[in-house]
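> turn this into a structure:
(one chain, ligands or ions: 1)
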Amino acid sequence: MLKMEGSPFEVKEIHTKEEYARLVEVLWAANFKPYNPVFTAVHPVSGHSAEDRIRDKAYDTEIRWAAHEKNPASHLIYAIDKETGRVAGGCEWLIFHDNPFPKGPLPIACTWYPEGSERAEYTSRFLSQAFFPRQCWFQRAHAGVNAMGVHPDYRRRGVGRLLMEWGHERIDPLGYESFIEGSPIGRWLYEECGYRRVVSLNIDLDKKDPNEEWSRLVYECRPPAILLLWRPPRGELTDKVPSGPWAVTKETWR
Ligand SMILES: CC(C)(COP(=O)(O)OP(=O)(O)OC[C@H]1O[C@@H](n2cnc3c(N)ncnc32)[C@H](O)[C@@H]1OP(=O)(O)O)[C@@H](O)C(=O)NCCC(=O)NCCS
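So this is what the prediction gives:
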């Protein structure tokens with residue numbers, strides 16, 4: 001448990017689905033204020049009524065908790081307001097101690113929308129492109145951050161920074177690099193924490209003669225950009241640091 005001296009927040013690792021459900025509530029609030037198009041692509045959003053939200057959040061909790069339980073690299077963490085017990089924010093840290101992509105880059109399937117639907121195809125195309133660089137470049141131990149969100153009531157009070165520090169405290173002694181497929185909203189937090197943007201992706205979601213559903217998805221869910229942010233070991237930007245993770249060799253960090 002990370003307890004920053006004097007901080008009103010404490011960061012804890014999540015160990016039960018019930019705890020994770022509390023974080024899901026916060027992540028949904030965080031990503032609709034402001035509206036984050038990426039979130040709606042990669043989470044099961046079936047509509048926008050109060051009933052839709054309850055059902056979709058419950059389903060999101062189920063599928064992501066199941067994925068987390070199957071993935072030994074996944075650490076779900078949240079920051080608690082020590083005074084009130086409220087969840088202020090959280091994220092998933094992925095810490096890979098070996099090459100997670102021994103088969104090289106593979107397409108990523110979307111399992112939370114019906115197979116063959118426009119939504120499943122859209123999300124799969126999106127994820128496969130966004131995670132292609134990581135799969136090509138990081139054929140080695142490294143870390144990453146997913147689903148970072150801080151409740152609108154708690155913004156700019158250092159919660160995001162605490163969540164980042166939790167991971168850095170674990171990976172820095174191991175000398176691991178860290179890499180994030182970030183949105184422009186998260187960029188400033190990550191840059192404050194030792195990351196730098198190495199590439200900006202414009203995800204290709206065009207389709208010849210799209211139907212109405214596809215056009216709507218592109219309108220509602222297309223991110224302005226995906227920023228690939230890289231943090232070298234311990235966030236140290238020395239002369240040894242190459243231009244990007246693609247240029248790292250076995251000798252680089254010796
Ligand atoms: C991005 C987000 C997680 C930041 O969380 P936060 O708890 O407000 O961030 P912190 O208070 O720890 O910020 C640390 C530093 O990062 C920078 N920063 C964070 N948010 C910023 C913003 N909106 N604009 C400019 N700088 C920002 C600042 O330098 C800040 O330090 P300062 O407040 O002393 O100036 C939060 O805004 C959020 O949940 N956004 C919606 C969800 C989202 O887009 N997540 C990112 C997905 S990649």
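> separation between residue 163 and residue 169?
The gap separating residue 163 from residue 169 is 11 Å, by C-beta to C-beta, to the nearest Å. For the C-beta atoms, the positions are set from N, CA and C on the backbone; glycine is no exception.
> can you list contacts of the helix ranked longest in the chain?
Assignment by DSSP state H gives helix 50-70 as the longest helix of the chain. Defining contact as C-beta atoms under 8 Å, 6 or more residues apart in numbering, one finds that helix 50-70 is touched by 17, 20-21, 24-25, 28, 43-47, 74, 76, 92, 111-112.
> returning to that earlier point: which one of residue 163 and residue 169 has more residues nearby?
Between residue 163 and residue 169, residue 163 has the larger neighbour count (other C-beta atoms under 10 Å), namely 27 against 11.
> show me what contacts the most far-flung residue of the chain relative to its centre?
Largest separation from the mean C-alpha position in the chain: residue 209, at 31.8 Å (C-alpha atoms, centre = their mean). By C-beta under 8 Å, 6+ apart, residue 209 lies in contact with nothing.
> now do the SS call for it.
coil (DSSP: H, G, I helix; E, B strand; the rest coil).
> what is the neighbour count of the closest residue to residue 242 other than its chain neighbours?
Distances taken as C-beta to C-beta, 6 or more residues apart in numbering put residue 248 closest to residue 242, at 6.0 Å, once the chain neighbours are dropped. Residue 248 has 20 neighbours, counted by other C-beta under 10 Å.
> quick check on residue 248: phi, psi?
phi -80, psi 130 (degrees, to the nearest 10).
> that one touches residue 177, doesn't it?
Yes - using C-beta atoms under 8 Å, residue 248 makes contact with residue 177 at a distance of 7.3 Å.
> okay, residue 254: pLDDT?
Here, the pLDDT recorded for residue 254 equals 81.
> against residue 122, how distant is the residue farthest from the centre of the chain?
Counting by C-beta to C-beta - residue 209 and residue 122 are separated by 15 Å.
> cool, residue 183 as well?
17 Å.
> just want to know which of these two has more residues nearby.
residue 122 (22 against 18).
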